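**Student:** When you get a sec, could you give me coordinates for this:
(one chain, ligands or ions: 2)
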Amino acid sequence: MANVNLKNVTKVYPNGFKAVKSISLDVLDQEFVVLLGPSGCGKTTTLRMIAGLEEITEGTIEIGGKIVNDVEPKDRDIAMVFQNYALYPHMTVYENMAFGLKLRKFPKPEIDKRVKEAARILGIESLLDRKPKQLSGGQRQRVAVGRAIVRNPKVFLFDEPLSNLDAKLRVQMRAELKRLHKNLQATIIYVTHDQVEAMTMADKIVIMKDGIIQQIGDPYSVYFDP
Ligand code: ADP
Ligand code: ADP
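**Tutor:** Ligands and ions are numbered 1, 2, ... in the order given. The predicted model follows:
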């Protein structure tokens, strides 16, 4: 089970700024939850604490019932997809997707199998030998998702993954990510400031403002207060 539970989680940055103020949130196994709110309201900080990329100042985060506050990022059963794709420019698509598994000392045949399977799912099999700069925005975005998929995590964290794409591609990728969510049977926590994205993708929308959770509900019951 890959439910994610935040209990009274607070983040104070070293400069004293309180970016997240005692938030509590229960994400169910295989749920698609969208954190929605204006720039600066604490969405990314929350996601990075779940990922283990940011220290939790106060409170606890549980993944699958286990408190992860002190678990190393690489030992958490999660994968994060960044807004800027965070691809390594000098590596090919294949190498980018294989990197995290190599780091974790997976055997080569297993790496090969996983990379090719993820590439098939994402329709990027013909791009495996290219470098990131030889790819379109949408293709780069797929590679970034592929890097997460190969790890086979139970929880995916997405930080505004579509915001660098043009409007048409964004609509297409929304549908693709929804389909992917069904196929992978994973829990997804997805950050965006785009209401339409939240409305069309989420099982549950969490509206944040100034470091607190203002409202939680399904896409039809939440009230947007811009
Ligand atoms: P969002 O993802 O909703 O745009 P963030 O979580 O990135 O918001 O940021 C929340 C607030 O915390 C912002 O006001 C931002 O300027 C501040 N912040 C982010 N990172 C740091 C940091 N390393 N040090 C101090 N303040 C930060
Ligand atoms: P992985 O396949 O685990 O993502 P990476 O070497 O790409 O392997 O990343 C190692 C760690 O650094 C991971 O926890 C990943 O989420 C994080 N990471 C990767 N790229 C970035 C980035 N641009 N900014 C912040 N953290 C990153």
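
**Student:** got the residue ranges for the strands in the chain?
**Tutor:** Secondary structure of the chain (DSSP state E): strands at 4-12, 18-27, 32-36, 58-63, 66-67, 78-81, 155-159, 187-192, 204-209, 212-217.

**Student:** Format the ones you listed as JSON lines; extra columns: mean pLDDT and mean neighbour count.
**Tutor:** Where C-beta positions appear, they are placed from N, C-alpha and C, glycine not excepted. Listed next are the strands of the chain as JSON lines, based on pLDDT from 0 to 100; neighbours: other CB atoms under 10 Å:
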{"stretch": "strand 4-12", "mean pLDDT": "98", "mean neighbour count": "18"}
{"stretch": "strand 18-27", "mean pLDDT": "98", "mean neighbour count": "18"}
{"stretch": "strand 32-36", "mean pLDDT": "98", "mean neighbour count": "24"}
{"stretch": "strand 58-63", "mean pLDDT": "97", "mean neighbour count": "17"}
{"stretch": "strand 66-67", "mean pLDDT": "91", "mean neighbour count": "11"}
{"stretch": "strand 78-81", "mean pLDDT": "90", "mean neighbour count": "23"}
{"stretch": "strand 155-159", "mean pLDDT": "95", "mean neighbour count": "24"}
{"stretch": "strand 187-192", "mean pLDDT": "96", "mean neighbour count": "25"}
{"stretch": "strand 204-209", "mean pLDDT": "97", "mean neighbour count": "21"}
{"stretch": "strand 212-217", "mean pLDDT": "96", "mean neighbour count": "16"}
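
**Student:** could you dump those to a markdown table with distance to residue 97?
**Tutor:** As requested, the strands of the chain are arranged in a markdown table below (distance: least, CB to CB, whole Å):
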| stretch | distance to residue 97 |
| --- | --- |
| strand 4-12 | 25 |
| strand 18-27 | 26 |
| strand 32-36 | 23 |
| strand 58-63 | 23 |
| strand 66-67 | 27 |
| strand 78-81 | 12 |
| strand 155-159 | 15 |
| strand 187-192 | 19 |
| strand 204-209 | 30 |
| strand 212-217 | 34 |
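
**Student:** of those, which approaches ligand 1 most closely?
**Tutor:** Closest of these to ligand 1 is strand 18-27, at 3.4 Å (criterion: CB to the nearest ligand atom).

**Student:** Who are the packing partners of that closest one?
**Tutor:** strand 4-12, helix 43-51, strand 58-63, strand 204-209, strand 212-217 (3 or more CB pairs under 8 Å, 6 or more residues apart in numbering; DSSP states H and E).

**Student:** now the ones you listed in JSON lines, with distance to ligand 2?
**Tutor:** JSON lines is the format used below for these (distance: least, CB to the nearest ligand atom, whole Å):
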{"stretch": "strand 4-12", "distance to ligand 2": "16"}
{"stretch": "helix 43-51", "distance to ligand 2": "6"}
{"stretch": "strand 58-63", "distance to ligand 2": "14"}
{"stretch": "strand 204-209", "distance to ligand 2": "21"}
{"stretch": "strand 212-217", "distance to ligand 2": "24"}
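
**Student:** Among the ones you listed, which comes closest to residue 79?
**Tutor:** Proximity to residue 79 (CB to CB) singles out helix 43-51 among the helices and strands packed on strand 18-27, at 8.6 Å.

**Student:** neighbouring contacts of the closest one?
**Tutor:** Residues outside helix 43-51 that contact it (CB atoms under 8 Å, 6 or more residues apart in numbering) are 4, 6, 9, 11, 19-20, 23, 35-37, 54-56, 61, 63, 73, 76, 78, 80, 155, 157, 159, 189, 191, 193, 208.
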